[in-house]
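Enquirer: Give me coordinates for this.
(one chain, ligands or ions: 1)
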Amino acid sequence: MKETLVSKISKSLTALALAGGFLASAQVQAAASLDNYLTDFEFGVPQELKVQSQAWYKPQFGNAGWTHFSKWGQIKLKRGQTVSITVKTSVAGLYPGMSVWFRPQGKGFAPSNWYAGHSYHQYASIDTWNQIDQTTGTNLGRIKMDWVTNGFDTDGMKGTPTWNAAAEYPSNSSFNGISDGIPGSLTLSFKAKRSGLYQFVFAGINPDDKTATKPEDFSNNAMRHPVTVTVEKLLK
Ligand SMILES: [Ca+2]
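Expert: So this is what the prediction gives:
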């Protein structure tokens, strides 16, 4: 039986779709190393780390967080444990922001000292395959991160909440501004739904402009400022 034109086109489209699918699955991604940016945490042991003042939410980068201008932490949790993570600073005018993910490890998964790119979405899960160490060409595997929670400190924060590409203050509620009455301090609490590794990233968002009473020069984006981070186990 003679093939109709429609049938031929249909077969060609199917072939193209298959080829496209193959290319997509074979596509590799350059991973970003978190060496020197990632700290292991234990319950109740504060760690002082340095972050940039607007790296958790960077208007110049489409409002994404910036992987290497922030700092990362991780801790293993058991299913059902309720924990809090606090990021606080004594630097006036600096407002911490933080995102938390569950990150599966083991066969097929990239080690946790690799992240999938130079920017991160503050309130999204990711699942990406064939992450590559560009230096060695090694396929690191899959980076899967299930979003758990996020937020930023609004205590004392000035600014007009307007949402646009250049906005310094996100009015999009998914960024989750939190006021607990303590300027420079942000606490996120959550219950572990699964046993395993939880990874978090933190940095500043929308710092105050430099003033006579605020000696920190936040106009220097590259400057890093100290924050103290503590993970605590909460009683049920
Ligand atoms: Ca606060």
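Enquirer: where exactly do the helices run in the chain?
Expert: 5-26 (DSSP state H).
Enquirer: Point out the residues in it that sit beside the ion.
Expert: Within the chain, the positions near the ion by Cβ under 5 Å from the ion are 153, 155, 180, 182, 185. The C-beta positions use only the backbone N, C-alpha and C, and glycine is treated the same way.
Enquirer: for this structure, what helix or strand is lowest in average pLDDT?
Expert: Every helix and strand in the chain was compared by mean pLDDT, DSSP states H and E; the lowest is helix 5-26, with a mean of 44.
Enquirer: follow-up on the earlier one: now, the residues of the chain next to the ion that are in strands?
Expert: 153, 185 (DSSP state E).
Enquirer: What subset of the residues of the chain next to the ion is buried?
Expert: In the residues of the chain next to the ion, burial by neighbour count holds for 153, 185, counting by 16 or more other Cβ atoms under 10 Å.
Enquirer: Make a markdown table out of the residues of the chain next to the ion and add pLDDT.
Expert: Output for those, formatted as a markdown table (pLDDT from 0 to 100):
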| residue | pLDDT |
| --- | --- |
| 153 | 94 |
| 155 | 91 |
| 180 | 95 |
| 182 | 96 |
| 185 | 98 |
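Enquirer: and which of the residues of the chain next to the ion is nearest residue 193?
Expert: Taking Cβ to Cβ as the measure, residue 193 lies nearest residue 180 of the residues of the chain next to the ion, at 24.0 Å.
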